[in-house]
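Colleague: starting from these lines, generate the structure:
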Amino acid sequence: MDKIPFARPFLPLSVRSEAVQKYQMMIDGVSEGSARISNGENVEKLEEVVAKMSGADYAVACSSCSQAMVLGLGSCGVGGEGHTQSFTWDSTAIAMTMQGSHVTMHDIDLEKWCVPAYPVGADPHRGGGYAVAVDTFGLQFNPVSYVPLFYDRAHSMGLRFREIGLASFLSFSPSKIVTGGEGGIILCNKEPFVKAMRNGRDIMCRMPEANAILALEGLKHIGDLLEWKRDTYNFYKQRLPFIFQDCTGGSNHQVIAMLLDSHGQQDKLREIKDIELKFYYEPLHKRSTTFTAAQLPCTMSVWERVVCLPSWMGVDRQCIVDKIKEKLEL
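Modeller: Next up is the predicted model:
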């Protein structure tokens, strides 16, 4: 049996043929001097579609989600202490440190896997700084915050957000259900900040038209893809006796996360060779002395027991369940 990959881009014939046709039209336009190879009409259309889908006033497309976070934080003029969670991808903290911020890590809620509140800034005698909330694996969560709040929503394309914060950041990277090959989006409701974001984007992280074309074609199928994701979530949850992080609201990441009973079970699943499972995320405070972190028991408990299952369209779900049950002797 071939190895089942963790992620596989959604590229059926209809998406490929439409993308190739639009790409050829774009290239012809560039050669004729009537189109741009980056930040052109397809990028503008992508911004319109994602802003409307997300409930934001403005969207700014960038070359990657990581660049979107760096640019978005900087354009909003953040300063002082930065606050986020240790259980997240490196890009979150990198974007914050690039603002010159010292980053303090907070513990996650054991059920939501996100920080429930950022109490910093409640004391007027302390400098509050700002916080970046993380919608872990697409679970939308709006924490209490007394400081300016941003959202790392790299996994949450396709959802309509209750809160945008000062800015939110989305991803079209290859591990996502809807991908542009690469790319990111900044959502923002503040026009002066958006102007600064567009100026910065045009200088340092323009989005190629090819990425926007592929993302637009994928977004046409977002409803079916999220329905497959929800169905796959229920399939796994009904057949495996573990705690699952809720993702029925939808998530653009090709991951369904479950919490095992013990770290020993995680070690056993790491031995499976014919299925690519993921074990997110090694907490950032464990890998660097740059960050300040108190005791983070919930973060450590999740990291030591989490395993993430693939959910891409067409994945052999029953094979994955059978292999896990066999390995753990369930």
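Colleague: adjacent strands (with direction) for the helix or strand bottoming out on mean pLDDT in the chain?
Modeller: Every helix and strand in the chain was compared by mean pLDDT, DSSP states H and E; the lowest is strand 292-293, with a mean of 75. Applying DSSP bridges, strand 292-293 is found paired with strand 103-106 (parallel).
Colleague: returning to what we had before: what's the first helix or strand after the least confident helix or strand of the chain?
Modeller: helix 297-303 (DSSP states H and E).
Colleague: name the element the residue lying closest to residue 245 once chain neighbours are set aside belongs to?
Modeller: Leaving aside its chain neighbours, residue 245 sits nearest to residue 257 (4.5 Å; criterion: CB to CB, 6 or more residues apart in numbering). Heads up, the C-betas are built off the backbone N, CA and C, glycines and all. Per DSSP H and E, residue 257 falls inside strand 256-259.
Colleague: longest helix of the protein?
Modeller: Counting residues, the longest helix in the chain under DSSP state H turns out to be helix 13-32.
Colleague: what's near enough to touch residue 241?
Modeller: Contact partners of residue 241, counting by CB atoms under 8 Å, 6 or more residues apart in numbering, are residue 330.
Colleague: that one: what secondary structure?
Modeller: Classification of residue 241 using DSSP: H, G, I helix; E, B strand; the rest coil returns coil.
Colleague: gap between it and residue 277?
Modeller: 17 Å (CB to CB, to the nearest Å).
Colleague: the spatially most central residue of the chain: what's it in contact with?
Modeller: What sits nearest the mean C-alpha location of the chain, by CA atoms, centre = their mean, is residue 154, with 2.0 Å. Neighbouring residues of residue 154 by CB under 8 Å, 6+ apart: 65, 89, 91, 169-171, 173, 184, 253.
Colleague: so what's residue 263 closest to, chain neighbours aside?
Modeller: Nearest non-adjacent residue to residue 263, counting by CB to CB, 6+ apart: residue 304, 4.4 Å away.
Colleague: again, but for residue 215
Modeller: residue 180 (3.5 Å).
Colleague: ditto for residue 216
Modeller: By the measure of CB to CB, 6+ apart, the closest residue to residue 216 outside its immediate chain neighbours is residue 46, 5.5 Å from it.
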